[in-house]
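*Asks:* Using only what follows, build the 3D model:
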Amino acid sequence: MYAIVEIAGQQFKVEKDQKIFVHRLEGEVGTQLEFDKVMLIDDNDKISVGTPVISDAKIQAKILTHLKGDKVMVFKKKRRKRYQKMNGHRQCFTQIQIENIVS
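*Replies:* Here you go, the predicted model:
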């Protein structure tokens, strides 16, 4: 059984007991979350598709950790103009575990 759900503006394919990284969510570690923007549920051979979401479906999850991703270096240079700029960025993530898919 799997579902396609929108979390923090992105769509994820999730299954029960799966751990995923999403953009930083509000809440303490151990907090229970519910996501109700479920777009598709596949229960073995029974597929439910929403228009655009399934009304009674929910995804229950738990926050495991908050962390930062790897550093991405941004380097800009214009040749022969003596211009160069170096910048770095680390995206904030939250690791969640999918506990249940309610259809």
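
*Asks:* partner residues bridging the residue nearest in space to the middle of the chain?
*Replies:* Closest residue to the average C-alpha location of the chain: V22 at 3.0 Å, with CA atoms, centre = their mean. Beta-bridge partners for V22, by DSSP bridges, are T94.

*Asks:* pretty sure it is in contact with T94, am I right?
*Replies:* Yes. V22 lies in contact with T94 (CB atoms under 8 Å); the separation is 5.6 Å. For the C-beta atoms, the positions are set from N, CA and C on the backbone; glycine is no exception.

*Asks:* Report the separation between the residue of the chain positioned farthest from its centre and V74.
*Replies:* Within the chain, the residue lying farthest from the chain centre (CA atoms, centre = their mean) is R80, at 42.6 Å. Remark: distance between R80 and V74 (CB to CB, to the nearest Å) = 21 Å.

*Asks:* next one: S103
*Replies:* According to CB to CB, S103 and V74 sit 43 Å apart.

*Asks:* Surely K13 touches M1?
*Replies:* No. Assessed by CB under 8 Å, K13 is found out of contact with M1, at 11.5 Å.

*Asks:* Can you get me the start-to-end distance on stretch 64-76?
*Replies:* Here the two ends of stretch 64-76 are set 37 Å apart, with distance taken as CA to CA, to the nearest Å.

*Asks:* Would you mind pulling the contact partners of stretch 16-25?
*Replies:* For stretch 16-25, contacts defined as CB atoms under 8 Å, 6 or more residues apart in numbering pick out 1, 7-10, 12, 14, 33, 63-64, 66, 69, 91-101.

*Asks:* where do the strands sit along this structure?
*Replies:* With strands called from DSSP state E, the chain shows them at 2-7, 10-15, 19-23, 32-35, 38-43, 46-49, 58-68, 72-78, 83-89, 92-102.

*Asks:* right, so those strands: which one is the most enclosed?
*Replies:* Mean neighbours per residue, mean count of other CB atoms under 10 Å, is largest over the strands of the chain for strand 2-7, with a mean of 20.

*Asks:* by how many degrees do it and strand 58-68 diverge?
*Replies:* Computed with axes from the mean of the first three to the mean of the last three CA atoms, to 10 degrees, the direction of strand 2-7 lies at 60 degrees from that of strand 58-68.
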